[in-house]
Every structure is written in structure tokens, then in C-alpha cells.
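> Provided below are the primary sequence and the corresponding predicted coordinates.
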Amino acid sequence: MANQLKELLGLDVPILQGGMAWISEANLASAVSNAGGAGIISTGGRTTEYTRNEIRRCRSLTDRPFGVNIMLMAPNKEEIVDVICEEKPAFVTLGAGNPVPYFEKLHAAGVKVIPVVPSVKLAKRVEEKGADAIVVEGMEAGGHIGVLSTMPLMEQVIPAVELPVIMAGGFGDGRGLAAALLMGAAGVQMGTRFLIAEECVVHPNMKEKLLAAVDTDTIVTGITIGGAVRGIKNKFSEDFVALEYSGKATKQELLDRATGTNKLAAVDGDVVNGMIQAGETLTLLRKVEPVKAIIDGIVREARETLARAQSIAL
């Protein structure tokens, strides 16, 4: 059976790699694309020069389709969009803001537009405005999250739209990919699963922390200030949540306290005082291995799961 996502982007397997700030760069993105999926370069916190250089570097490492993630809260988002229109990656994913004003410009440059949405209402809106596909992300994901979990989103969003739906939030193996496909999704986006890839540049201290984590080790900070972020329990995140619910800090004080902590963990390797952004599928992170081995294993398991599903009867 034809797969909408594979046809839309020219992929071998319907897997997107999440755009993780300070982590998703050309090395990881090209490895995912070379393995048959679609890698994504993150521009969160980055300059236009960095964005241009990483797109060109990725193009030198792969001749396969790859994308760029635009964080719409970024103060330089307009300039980032301009660079993307000039450099023309295969697609963009857009989150943390209203993506609609950028559709026309990106489409004019030949760049496919894939917004990240957390609800049926927004899924319908971006479809009406001309999105090429959507990423629908449940709160099981790492980093910034919405309020709905992945299963209810699959049940409600997929039948409500006609465009390809890429599910995200809590996917880490082939059984998850198979489940999403059986529900009618065109594919999945995975971020946390690639954090322990050999090609991922995240600090070794963070990889070690992830490999040691168990299924109950995530925590959500910032719920009360409208900026929920999921990550691993550590001194920073547990102290932050305690302060957040104590009523002893203002919203601005909490925002100031969180600023820069993602980079502190991911780049500097401070896994005590930094925010280790990661999703809930932690026990699937068993060893550091190449991206190709990760994707090949996921695809093999998905095919086995789908084959078994044909024999299930109600």
C-alpha cells in the first residue's frame, strides 16, 4: 500500500528525526536521511549564518531529502525563513507559534511545509491554509509539550484531516511505528530515540544519563507558567518544580531560571544543573549505536509487528 509521507518527501522509511535545539545538526540529520528517513536540522537558538552553513554541510553529507525546524518564538525567525527559502531544503517543520504567515513564502521557494500541531482545531486550520503534512505531537515527547497525549490525538486528528499525519511523542521502536501506521498515520517523528546515536553530537554525559534512566524518570517543568517542558529528573528539574509550586517565584523569575539550561546539559554536559530534555520512552535507549542500525531495527520490528497483526481476530 502506498505511504503518503514516503511519497511526499521521497523517503524509504516513514520516519522523521525530531528537530532538537542545540542537538539536531547536519551530522545527525544526514545520517538519518542516508538511512532512509528524513533528518532535520534545528535552528532554535541559532543564527542565520549557522543555519545556512548547516544546510550546506548536510547537503555535502547526503543527497537524500532533509528538513529544517523553525522555532517560531525565535526573535530571528524572519531571517531564518529567508535563509531557508534561499537554500531550499526539502521541507520545514514549524512549531511554537503561528506557522500560517510563512506558508506562501516557503511554498514559493519550493519548500514543503509541515507544521507541528497539538490539537484537532489547529490541524484543520493548517490543512485549510495549505500545509503539505502535519506533525501531531503528544505530551509524551521531550522538550516543549502540549496537554493531550498521543493516543487521543491519533484517534481524533487522523480521521479529521486528509493530509499526511506524522505522529510524535513517545515513539521509540518498531511496534510504535506499526501502531501509528495501523491507526492511519503516514509515519512518526522520533527525537529521544536518536539522542544516543553515534552520530548525535549531544554531550556524552547526557547520553550516559539517558542510558541509565528508567521509564518513570521524566518530569514536566513549567506547567503553571504556560511553558511545559519534559525532561529527565535531576537536581535542576526537581528544584525547579518545587519552586514552581511553592508560590515563591514569579513567572519571570521561573523563566529566567530556565533560560539556557537546555544548552547547559546538551552542549556543556552539566547534567546536574541543566535541563535534560527527553521523552518518556527511556527504557528503549539501551546502547549507543549508529543511526542506520537504529532505523534498520525499527523498520524490521515494525514489519514483524504488522505481519503478526494480520492474524489477530476480534
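Looks like it came in fine.
> Check which helices and strands the helix or strand hosting residue 68 is in contact with.
Take DSSP states H and E as the rule and residue 68 turns out to sit in strand 66-71. For strand 66-71, the packing partners by 3 or more C-beta pairs under 8 Å, 6 or more residues apart in numbering; DSSP states H and E come out as helix 26-34, strand 39-42, helix 48-61, helix 77-87, strand 91-95. The C-beta positions use only the backbone N, C-alpha and C, and glycine is treated the same way.
> again, only using 10 Å
Strand 66-71 is packed against strand 15-17, helix 26-34, strand 39-42, helix 48-61, helix 77-87, strand 91-95, strand 112-117, with contacts defined by 3 or more C-beta pairs under 10 Å, 6 or more residues apart in numbering; DSSP states H and E.
> and of those, who's closest to residue 178?
Minimum separation from residue 178 across those (C-beta to C-beta) falls at strand 15-17, 12.1 Å.
> for the stretch 1-150 of the chain, which spans come out with low pLDDT?
Scanning the stretch 1-150 of the chain with the threshold set as pLDDT under 70 gives 1-2.
> Show me the helices in the stretch 101-250 of the chain, by range?
Under the criterion DSSP state H, counting those that start in this stretch, the stretch 101-250 of the chain contains helices at 103-108, 120-128, 150-157, 174-182, 204-212, 235-244.
> And the chain, split by domain according to the record?
4-201+286-310, 204-267 (the TED database).
> can you tell me which helix in the chain is longest?
For the chain, the longest helix by residue count, based on DSSP state H, is helix 291-309.
> pLDDT averaged over that helix - what is it?
Averaging pLDDT along helix 291-309 yields 96.
> residue contacts, residue 170?
137-142, 149-151, 176, 188, 190, 192, 279-281 (C-beta atoms under 10 Å, 6 or more residues apart in numbering).
> still on that earlier bit, what's the closest of the helices and strands packed on strand 66-71 to residue 200?
Of the helices and strands packed on strand 66-71, the one closest to residue 200 (C-beta to C-beta) turns out to be helix 26-34, at 5.1 Å.
> Using PDB, write out the CA atom coordinates for that closest one.
In PDB, the C-alpha atoms belonging to helix 26-34 read as follows (Å, rounded to 0.1, in the frame of the first residue of the first chain):
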ATOM      1  CA  ALA A  26      24.000  18.300   9.900                       C
ATOM      2  CA  ASN A  27      25.800  15.200  11.100                       C
ATOM      3  CA  LEU A  28      22.800  13.600  12.700                       C
ATOM      4  CA  ALA A  29      20.300  14.800  10.100                       C
ATOM      5  CA  SER A  30      22.400  13.500   7.200                       C
ATOM      6  CA  ALA A  31      22.800  10.100   8.900                       C
ATOM      7  CA  VAL A  32      19.000   9.800   9.300                       C
ATOM      8  CA  SER A  33      18.400  10.700   5.700                       C
ATOM      9  CA  ASN A  34      21.100   8.400   4.500                       C
END
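> Done for today, thanks.
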